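Peer 1: Just a sequence and a predicted model for now, questions to come.
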Amino acid sequence: MDHVRVKQKRDGWNWLWAWANPVKFMELSGRALPWCVGIAVVTLAVGLIWGFFFTPEAARFGSSVKIIYVHVPTAMMAINIWVMMLVASLIWLIRRHHVSALAAKAAALVGVAMTLAALITGAVWGQPMWGTWWAWDPRLTSFLVLFLFYLGYMALWAAIEDPDTAADLTSVLAIVGSVFALLSRYAVNFWNQGLHQGASLSLDKEENVSDVYWQPLVICLVGFTALFVVLLLVRTRTEVRKRRLHALEMRERMADA
Amino acid sequence: MIALLIRDLRLSVRAGGGFGLGLAFFLIVTVLVPFGVGPEEAILAPIAPGILWVGALLACLLSLDRIFQLDYEDGSLDLLATAPLPMEGAVVMKAVAHWLTTGLPLVLAAPVFGALLNMPPEGFLWIMGSLALGTPALSMIGAFGAALTVGLKRGGLLLSLLVLPLYIPTLIFGAEAASRGMAGFEAGTPMLMVAGITLGSLALLPFAAAAALRINLR
Amino acid sequence: MIALLIRDLRLSVRAGGGFGLGLAFFLIVTVLVPFGVGPEEAILAPIAPGILWVGALLACLLSLDRIFQLDYEDGSLDLLATAPLPMEGAVVMKAVAHWLTTGLPLVLAAPVFGALLNMPPEGFLWIMGSLALGTPALSMIGAFGAALTVGLKRGGLLLSLLVLPLYIPTLIFGAEAASRGMAGFEAGTPMLMVAGITLGSLALLPFAAAAALRINLR
Amino acid sequence: MNAPADALVVRDMTVARGGVPVLAGLSFRLDPGRVLILRGPNGSGKTTLLRTLAGLQPAMAGTMSQPAEAIAYGAHADGLKAVLTVEENLRFWASVYGTDAVEAAISGFNLTGLRSRAAGNLSAGQKRRLGLARLLVTGRPIWLLDEPTVSLDTASVALFADAVRAHVAAGGSALIATHIDLGLEAEVFDVTPYKAQAATDPAAGGSFDEAFL
Amino acid sequence: MNAPADALVVRDMTVARGGVPVLAGLSFRLDPGRVLILRGPNGSGKTTLLRTLAGLQPAMAGTMSQPAEAIAYGAHADGLKAVLTVEENLRFWASVYGTDAVEAAISGFNLTGLRSRAAGNLSAGQKRRLGLARLLVTGRPIWLLDEPTVSLDTASVALFADAVRAHVAAGGSALIATHIDLGLEAEVFDVTPYKAQAATDPAAGGSFDEAFL
Ligand code: HEM
Ligand SMILES: Nc1ncnc2c1ncn2[C@@H]1O[C@H](COP(=O)(O)OP(=O)(O)OP(=O)(O)O)[C@@H](O)[C@H]1O
Ligand SMILES: Nc1ncnc2c1ncn2[C@@H]1O[C@H](COP(=O)(O)OP(=O)(O)OP(=O)(O)O)[C@@H](O)[C@H]1O
Ligand SMILES: [Mg+2]
Ligand SMILES: [Mg+2]
């Protein structure tokens, strides 16, 4: 078979591609999961508690500033997850590793939740800050667009019955969609210059938020990343099990048809 | 007849989406409009109720051809017509199923979309109320239009063309009620008109739609 | 391949309407909006280019599922796939046929509808130009969406959900070009962007669409 | 004619398709316990006749009498919902007709193994079997069937013939348009001689658009 | 196998539907001038096999060799456009395949009288005849036909058999899935013994979703 040869060529990467075998994946992820859960719980607890209770209230922002510890990490994760889905889709299209397609499907669910969380925390924050729940600021708008892309991607997964067909088509959509999502981002920036904060984590800018806020924020970022990994593993494992059930049903049908 | 309702709901859930799709479409329309007309709150807020009503109307419209077309194509409509089920009842059930999957979610989600269009919160109840009263009429009128065009290959656009003019009174009164209510004016009259249109449609259109179906099957 | 184009045009003319339907829908949307948002010129004129663009986009959308769905249902798509005709070519031809029956009439009629929305005459050329450059992209992107969803029973709304986000850049630049041009500002950049999107879509999407079709026929 | 009240009696009927009469002067009767096979070359008007009898289109002339709510119609198309399972499809029709014969129908057409498969995933012949099983859940005595055995293999055709025999034995009747031999004991009614002539005499029965002639 | 270059040769093929292998280990060949009848009960996988050979879906295992651009596929559905006339439908396919055999096809399937009728207004059998006439305008040597005689009356079946005979005499070949007897001199290939078994041995060919088990 074709991919056997490829595997031999890349001996050094075998440990990675081994994950692409569903059975192997279940085994490895089963062992990794508790560790990930541990890391996520600890970092999140430290980051959020530090952020919420042990940082001073900002002069201008009041205590509402503390929402930043949820808002920023979820917002960043929302973008990163889309990128991860794109990569997973490409892997599926090129090497046809089932776990990769299922991971993309699983990630979409987490991604849409993160996007929604960023939107909602943003809206909750916007109310005291800008006096409005929503403004058509480019950053906010492009987030809404990202949300739409997530919705479309998930709806396509849901609408197609055959799992491989669904994986193929959603991968094509993820690729085309990424191009258009990027385009929309530029379009939105062109269309309206807005109210939203610039990037405040860039290291060279002097307008950086002061260290007191910065340190717990970094920990929260790590925590949310770990949380994503946990959720991704759990969801992917569910998808693998569902697929396994499907395969068993099919086999049974072949036996008695 | 309940069996038909259950079947239709099940079909729309199975065939992907069900309740969510209409909502998602509604969301997209409300997002598109600011892209077209610009982001200024001063422009958006006053037109918000109108946009929401137009969006609801389009979301209904896009799902209309599914009311009878699929049943026609796979032959179920012939079989339903020969079944011991008054055609009028079948029409009503199909309109109800359509409303449950499209109209109702829109009513519930309207405030969120209103907020997106910078609508002041005072308007939320009004938009929900006017949509709740008006969307059943949209589904029923739509079912009538779908019955008229079932079996025509170019269904989609023709259907819209037939149905949109019929939607105009509902739209005018509905949007008027919502925007008057939002602005704090008296909105009872347009609300009553919307309710009247809905009641009238529900009382009369099933017969017209059933007649149209029978003619189309001939 | 020209045969396919001719067949599609003939089908859309025969099956009722053809060029007229898209136009009529466009007309109705432009008529609905004043009903929804109120008739004041001060409100309407500035949003006119945006409304026209949104209307064009919705008119395209409504006719999209016809691009492949009918051919899929009656088995022609299977037969076309086994015919000596590159799938990419078939996709392009279908997009062209769609543009000729929906996009082109809209471009030509835009000034009339602009006038209905109290748009100042200086804007006419701009709206025509931006639509002329942008609608081919709408048809091509739509063909891609239609290829993704062909064969899915709940096509209509799902298709919209997939396609509308892809329309956003075209819409933004197109409407921006038209309204800047109308207001006498520099509009070259957004025009160029629209043209770029159209060219890019025409160059790349046929391949994606053909791939999607092949997967769906499998 | 002194037919029993539960017979389907057709007198002097003219049926039309697209405004054009295709069969004229048809008279026949279908008594309980009998099977009538409708024959005729392609395009002779069998489908048109069956649709008229099922009440889907009006007859151009002639009368027909039949017991109330007695007819079950099986068309060229099966009316299956691709996303519903075999069982759900049948249950739906059972509840429309207010009967409860789903299990009998499933086993009668050998669908037990396919019971929870989505109808869209069946092969052509399996779909057809499901379409025929629908007849059993209607509980109606008079079956009007339009080429019921299309796509069926020989075993399934035999299954169908058995079902018809059982139906007839229970006092039902069936009018079946078909081109093949079903192995049923039945009368044959050939529609070929009844082909409608271009009506030269306006009084002759057909009257389509004659006002324009 | 030393097949002539213009034969359709299938070796050890496994075909799958919806991810499930339905037929495994198929090997056969179809030489020019021959007709091969595909038999098998409903749901045995004939349609799946034909679609695979036509290139509409990938085979799960095995190889197939065939001359380039040689296959014309006739499916369960006819792919007719209801609003186009009989002649326009055929002309379209003729120009897709770059041939000019419309008149021969029309007369070959006795469609002369229906030439300018919209395809949507034909009866079931007439539609089928038009679908078969399409094969003649493809000009392709290998026909893959899925139950071509569905809905046809005996006269039309004979017409079809004649068309196949003429095609074969001219060096063409045909693979026909059917349940009825066409009166053609032909080999019969029964797919029943090739029913795919639940693969216990992954190397056996089928490999669907096995990674998950
Ligand atoms: C629904 C509304 C909102 C959305 C979708 C949103 C989206 C985002 C996104 C995507 C980021 C991450 C930027 C990045 O690091 O690349 C972000 C960061 C941030 N947002 Fe929001 N935001 C919203 C509302 C608000 C509001 C109302 C405020 C407060 C005035 C705010 C303040 C911030 C701050 C301070 C950051 C951190 C900046 C940074 O680290 O880059 N956001 N937001
Ligand atoms: N809409 C229409 N307008 C005009 N003529 C029509 C229309 N539909 C069908 N016909 C013609 O009416 C005749 C009767 O058609 P019908 O479908 O009843 O035939 P049938 O006996 O069922 O044939 P088959 O065995 O092929 O199914 C045919 O000659 C057909 O061409
Ligand atoms: N999407 C699907 N998923 C799973 N199984 C399917 C799907 N479609 C068809 N099948 C099954 O695959 C098998 C082969 O079907 P196929 O259509 O090839 O049979 P066939 O030999 O053509 O039968 P017929 O004579 O009834 O047309 C059938 O048992 C069918 O139930
Ligand atoms: Mg017939
Ligand atoms: Mg088959």
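Peer 2: That came through, no problem. Residues are numbered from 1 along each chain as shown, chains lettered A, B, ... in the order given. Ligands and ions are numbered 1, 2, ... in the order given.
Peer 1: For B:A203, the count of nearby residues, please.
Peer 2: Per other C-beta atoms under 10 Å in any protein chain shown, the neighbour tally for B:A203 reads 10. For glycine as for every other residue, the C-beta is placed from the backbone atoms N, C-alpha and C.
Peer 1: Reduced to three states, what does it come out as?
Peer 2: Counting by DSSP: H, G, I helix; E, B strand; the rest coil, the backbone at B:A203 sits in helix.
Peer 1: Now do the contacts for the nearest residue to B:M128 once chain neighbours are set aside.
Peer 2: Excluding its sequence neighbours, the residue lying closest to B:M128 (C-beta to C-beta, 6 or more residues apart in numbering or on different chains) is B:A110, at 5.1 Å. The contact partners of B:A110, by C-beta atoms under 8 Å, 6 or more residues apart in numbering or on different chains, come to B:L52, B:A56, B:F124, B:I127, B:M128, B:L131.
Peer 1: Of all the residues in the stretch 101-250 of chain A, which one is nearest ligand 2?
Peer 2: The nearest approach of the stretch 101-250 of chain A to ligand 2 comes at A:E161, 32.5 Å away (C-beta to the nearest ligand atom).
Peer 1: In terms of pLDDT, where does the closest residue in space to that residue that isn't next to it in sequence sit?
Peer 2: Distance criterion C-beta to C-beta, 6+ apart; nearest residue to A:E161, sequence neighbours excluded, is D:A118 at 7.6 Å. D:A118 is assigned 87 on the pLDDT scale.
Peer 1: D:A118: how many residues sit nearby?
Peer 2: 19.
Peer 1: Now do the contacts for it.
Peer 2: A:E161, D:A82, D:V83, D:L84, D:T85.
Peer 1: helix, strand or coil for the residue of the stretch 101-250 of chain A closest to ligand 2?
Peer 2: Per three-state DSSP, A:E161 ends up coil.
Peer 1: low pLDDT regions in chain D?
Peer 2: Chain D contains residues with pLDDT under 70 at D:1-5, D:198-213.
Peer 1: Leaving aside the residues adjacent along the chain, what's closest to the closest residue to ligand 5 within chain D?
Peer 2: Going by C-beta to the ion, ligand 5 is nearest to D:A124 of chain D, at 4.1 Å. Nearest non-adjacent residue to D:A124, counting by C-beta to C-beta, 6+ apart: D:S151, 4.3 Å away.
Peer 1: if you go through the chain in chain order, where are the helices?
Peer 2: Here I'm looking at chain A. A:2-9, A:14-17, A:22-53, A:68-95, A:98-130, A:138-159, A:163-191, A:211-256 (DSSP state H).
Peer 1: Correction: the question concerned chain B.
Peer 2: With DSSP H as the criterion, chain B has helices spanning B:2-14, B:19-37, B:41-64, B:69-73, B:76-81, B:87-98, B:104-116, B:122-149, B:155-183, B:188-217.
Peer 1: Next, format the ones you listed as TSV and append distance to E:H76 and mean pLDDT.
Peer 2: Output for these, formatted as TSV (distance: least, C-beta to C-beta, whole Å; pLDDT from 0 to 100):
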stretch	distance to E:H76	mean pLDDT
helix B:2-14	23	81
helix B:19-37	30	81
helix B:41-64	29	82
helix B:69-73	15	81
helix B:76-81	19	85
helix B:87-98	29	91
helix B:104-116	38	88
helix B:122-149	27	90
helix B:155-183	24	82
helix B:188-217	24	90
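Peer 1: For ligand 2, find the nearest of those.
Peer 2: Per C-beta to the nearest ligand atom, nearest to ligand 2 of those: helix B:188-217, 12.5 Å.
Peer 1: For burial, what's the neighbour tally of the residue in chain D that ligand 4 sits nearest to?
Peer 2: Ranked by C-beta to the ion, the top residue of chain D for proximity to ligand 4 is D:T47, at 3.2 Å. D:T47: 22 surrounding residues under other C-beta under 10 Å.
Peer 1: D:V157: what's it in contact with?
Peer 2: Contacts of D:V157 by C-beta under 8 Å, 6+ apart are D:T149, D:I180, D:L182, D:G183.
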